[in-house]
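A.B. asks: what follows is a predicted structure for the sequence shown.
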Amino acid sequence: MIVACPNCGKKYQVDPNKITGANPKFICQSCQHAVAVKNPNLDSSESLSSSASGAKKSSTTMKRLGLRGKMVLFFVVIPVFLIGAFGVSFVDQLMDLSTIITGKSGTMVAGMAEDIISEHARSVAANTKLYLDYNPGMVKADFMNSPELKRIAIQKVGNTGYSCLYSVPDNEGKSSLWIHPNAKLIGIDLPKAMKKSLGDEYHRWWDVYNGAYKGQESKGYYTWRDADNRLREKFMVCTPIKGTDYIIASTTYIDEFTEPMKSLEGWAQQQTQSIRTNVIIALLASFVLISGIVTFYGYRLTKKIRRVTEVADRISTGELDAELDIQSNDEIGDLSEAITRMKDSIRMSIQRLKKRK
């Protein structure tokens, strides 16, 4: 069997029976090149074993995580996942905080509105007492005939609310209005009329109304149907006029104070939702941008490494004419230059050996 050295062309007579192994080689005595020889005696079982070994190696190679995969995992997947988790958590906490703040703000505004209405009732009661003290002979039937007393007792509360004056029950158990914006209500039995108007809501109104009979301030909520036929919560404060049988009631719709806060709450929720959307868009854009950069750079890097590996393998089999044309101003460039120098050194060593012979 004749085998020729692919480097110098020298031919060798090889006995096929002495060839063993799956990938036999020998060193050329002329140029020291490693010459590969095909084994004609390789039986089918060895061939299958070699194929199985190669398949296993190939499978292992396919299963391993390459450099590009590691770059994607460590520089894209994990950072983006952590940033995304932080972003989602941040936005959720922001939405919760917005809900808590606006909710508490609404409660605080409602409390402030209650205080304002209460102070209004006390102020009107105090001023009404002063007027009655300076006019001791005035009877309740004449209250509505006094423009000055009406001006003192009937005052605006909020946007649509007002104050009025009513009396504690007389000997017949009748409690009547004596100063009110609606003159038609003067002198009527107010609890009886309100029971008919309020229906099931009467008991809530009644608890506030008669709570001031004993000389103590009473306050609370009840539902009233407005001019647009909507059921709305009203807040009423009943403040007794000290030393008299009269009580000042100040009442208005509480949403006249809290409605702006509800609008602010809706605006805050919209802004929070907008921030959440922007954060998600920013995360997705960052993911796409980082993925593109890492993929592009990883492709270029692994391409250079594969080229260096390929040339190194060719040099290891004696192909000293293999060229490594990588222009890179980094560690890969330094490695390629080192391999080129190694190849040149091997070639020069072979030439020196040839000259000695």
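C.D. replies: Received the coordinates, thanks.
A.B. asks: from here on, contacts and neighbour counts on C-alpha atoms
C.D. replies: Will do.
A.B. asks: can you pull the buried residues of the host helix or strand of Val237?
C.D. replies: Assigned by DSSP states H and E, Val237 belongs to strand 231-240. Using 16 or more other C-alpha atoms under 10 Å as the test for burial, strand 231-240 gives 233-240.
A.B. asks: which of those residues lies closest to Thr251?
C.D. replies: Met236 (4.2 Å; C-alpha to C-alpha).
A.B. asks: helix, strand, or coil at Trp267?
C.D. replies: helix (DSSP: H, G, I helix; E, B strand; the rest coil).
A.B. asks: tell me who's in contact with it.
C.D. replies: Not one residue lies near Trp267 by C-alpha atoms under 8 Å, 6 or more residues apart in numbering.
A.B. asks: roughly how far apart are it and Ala338?
C.D. replies: In this view, Trp267 and Ala338 are 66 Å apart by C-alpha to C-alpha, to the nearest Å.
A.B. asks: and the spatially closest residue to Thr340 that is not a sequence neighbour, helix, strand or coil?
C.D. replies: Once flanking residues are discounted, Thr340 sits nearest to Leu324: 6.8 Å by C-alpha to C-alpha, 6 or more residues apart in numbering. Per three-state DSSP, the local secondary structure of Leu324 is coil.
A.B. asks: hmm, Leu324 is touching Ala338, no?
C.D. replies: No. With contact defined as C-alpha atoms under 8 Å, Leu324 does not reach Ala338; the gap is 10.4 Å.
A.B. asks: which one's more surrounded, these two?
C.D. replies: Ranked by neighbour count (other C-alpha atoms under 10 Å), Leu324 and Ala338 place Leu324 first, with 17 against 12.
A.B. asks: residues of stretch 249-269 that come out buried?
C.D. replies: Quick answer for stretch 249-269 (16+ other C-alpha under 10 Å): 249-258, 261-262, 265, 268-269.
A.B. asks: which elements pack onto the helix or strand that Glu148 is a member of?
C.D. replies: Assigned by DSSP H and E, Glu148 belongs to helix 147-153. Packing partners of helix 147-153 (3 or more C-alpha pairs under 8 Å, 6 or more residues apart in numbering; DSSP states H and E): helix 78-134, strand 161-167.
A.B. asks: now the element after that helix, going C-ward?
C.D. replies: strand 156-157.
A.B. asks: now that following strand: how far from the chain's centre is it?
C.D. replies: When distances are taken as C-alpha atoms, centre = their mean, to the nearest Å, strand 156-157 is centred 44 Å away from the chain's centroid.
A.B. asks: next: stretch 255-270.
C.D. replies: Worked out by C-alpha atoms, centre = their mean, stretch 255-270 lies 22 Å from the chain centre.
A.B. asks: repeat that for stretch 104-118.
C.D. replies: That offset, for stretch 104-118, works out to 31 Å (C-alpha atoms, centre = their mean).
A.B. asks: show residues contacting that stretch.
C.D. replies: Against stretch 104-118 from outside (C-alpha under 8 Å, 6+ apart): 157, 235-237, 250-251, 254, 257-258, 261-262.
A.B. asks: same question for stretch 326-344.
C.D. replies: Under C-alpha under 8 Å, 6+ apart, the answer for stretch 326-344 is 304-305, 308, 312, 315, 320, 323-324.
A.B. asks: in helices only, show me the buried residues of stretch 249-269.
C.D. replies: Judged by DSSP state H, those include 255-258, 261-262, 265, 268-269 as members of helices.
A.B. asks: out of these, who's nearest Gly292?
C.D. replies: Closest to Gly292, out of all of these and judged by C-alpha to C-alpha, is Gln269, at 34.5 Å.
A.B. asks: one step back: what packs against the strand holding Val237?
C.D. replies: Going by 3+ C-alpha pairs under 8 Å, 6+ apart, strand 231-240 lies up against helix 78-134, helix 202-209, strand 218-225, strand 246-253.
A.B. asks: what's the angle from the second one to strand 231-240?
C.D. replies: Right, the one you point to is helix 202-209. 30 degrees (axes from the mean of the first three to the mean of the last three C-alpha atoms, to 10 degrees).
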